[in-house]
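Colleague: quick one, fold the following:
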Amino acid sequence: AALYDPHTFQLGVQPAAAPAKSPRRAGIWVATIAGAFVIGGGVAAGVLLLQDNGGKDDRAGRDDKPAVSTEQPATSQAPTPAPSPTPSATPDRATDATPGTTPDATVPSGYRRAVDPMGFSFVIPDVWSRQGVENGSQITYAGSTGAEHYLIGVIPDAGYTSYDNILNMEKHAEEDRKKQDYQRIDLRRNTFQGRPGAIWEYTYRDEGGRTMHGIDQSYVAEDGTEYTIYLVGQQDVWADLKRTYRTGLESWRLTN
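Modeller: This is a model prediction of the structure:
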């Protein structure tokens, strides 16, 4: 599996009610790349810039809230009434599961499965959560700082190949002043879960002088929807992020 960049290019954005297989879709992806670079160049919490709606429209889709179960201890019978003990609440950090299913026993320790309303599920670090949706097509999953995060793109009726789209995005990355010292590590066609795709990995220096490392696995599903699984983070923690990304790709599933 290839790794992907945290604060770089935003994934393709799908305008509302856009006609199927619109020839402008590739252009839309390109236009959002610069915005993603801005995120990479920001402070550690830069990923929160994606939440234009402050998360108000996405609360129903969040999966980071632990389930809480209350249990009332039995009270003993005594000649004189005694106050009952206060009910205790025990948070349950079990992995997310769709209704009627059980948690995935194969999820590694320290991780959990996120089931997203946009029609996919994958395994993420236990302390990461869904931050919101940008432009109706980009979903962010991040930790408390936001420096390391996923950007998941969902573009129906893409009308292009992932490889061609990534080549187009790279041209804009090389020209973006907010993404200095861009260095390609890998960019090639590949096959992901039996479907045609492309992998793109690179490093760059953000506006704060940090060396960032990003990796993007994109592919077009059988129904014509392109999915982009993009991870970005600081270079000095990339050794850990490689495991996070590999786990995410191996556990990726479509749920619609």
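
Colleague: use CA for all of it now, contacts and neighbours both
Modeller: Fine.

Colleague: any weak-confidence spans in the chain?
Modeller: 1-105, 178 (pLDDT under 70).

Colleague: can you give me the helices for it?
Modeller: Secondary structure of the chain (DSSP state H): helices at 25-41, 162-175, 238-250.

Colleague: return the residues in contact with residue 256.
Modeller: 119, 120 (Cα atoms under 8 Å, 6 or more residues apart in numbering).

Colleague: got a list of what residue 188 touches?
Modeller: 163, 198, 199, 200.

Colleague: with distance to residue 226 added, can I get those residues in a markdown table?
Modeller: Output for the contacts of residue 188, formatted as a markdown table (distance: Cα to Cα, whole Å):
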| residue | distance to residue 226 |
| --- | --- |
| 163 | 11 |
| 198 | 11 |
| 199 | 13 |
| 200 | 15 |
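
Colleague: ok, for residue 121, nearest residue in space, not its chain neighbours?
Modeller: Leaving aside its sequence neighbours, residue 121 sits nearest to residue 115 (Cα to Cα, 6 or more residues apart in numbering; 4.3 Å).

Colleague: correct me, but the one you found touches residue 124?
Modeller: No. Checked against Cα atoms under 8 Å, the pair residue 115 and residue 124 is beyond contact range at 10.3 Å.

Colleague: so the two - more neighbours on which side?
Modeller: The neighbour comparison of residue 115 against residue 124 (other Cα atoms under 10 Å) goes to residue 124, with 26 against 21.

Colleague: quick one: the strands in the protein, in order.
Modeller: For the chain, the strands defined by DSSP state E cover 67-71, 88-92, 111-116, 120-125, 129-134, 138-142, 149-155, 180-192, 195-205, 211-220, 226-234, 253-254.

Colleague: out of those strands, nearest to residue 174?
Modeller: strand 180-192 (6.2 Å; Cα to Cα).

Colleague: so for that closest one, what gets flagged as buried?
Modeller: Using 16 or more other Cα atoms under 10 Å as the burial criterion, the residues of strand 180-192 that qualify are 180, 182, 187, 189, 190, 192.

Colleague: for residue 147, phi and psi?
Modeller: Residue 147 adopts backbone torsions of phi -60, psi -40, taken as degrees, to the nearest 10.

Colleague: how many neighbours does it have?
Modeller: 24.

Colleague: how about residue 174, nearest residue that isn't a chain neighbour?
Modeller: The shortest distance from residue 174 to any non-neighbouring residue, by Cα to Cα, 6+ apart, is to residue 182 (6.2 Å).

Colleague: just checking, the one you found touches residue 201?
Modeller: No. Residue 182 is beyond contact range of residue 201, at 10.7 Å (criterion: Cα under 8 Å).

Colleague: what's the closest non-adjacent residue to residue 189?
Modeller: Nearest non-adjacent residue to residue 189 (Cα to Cα, 6+ apart): residue 198, at 4.2 Å.

Colleague: would you check that the one you found makes contact with residue 167?
Modeller: No. Residue 198 is beyond contact range of residue 167, at 9.8 Å (criterion: Cα under 8 Å).

Colleague: looking at these two, which has the bigger crowd around it?
Modeller: Using other Cα under 10 Å, the more surrounded residue of residue 198 and residue 167 is residue 198, with 26 against 15.
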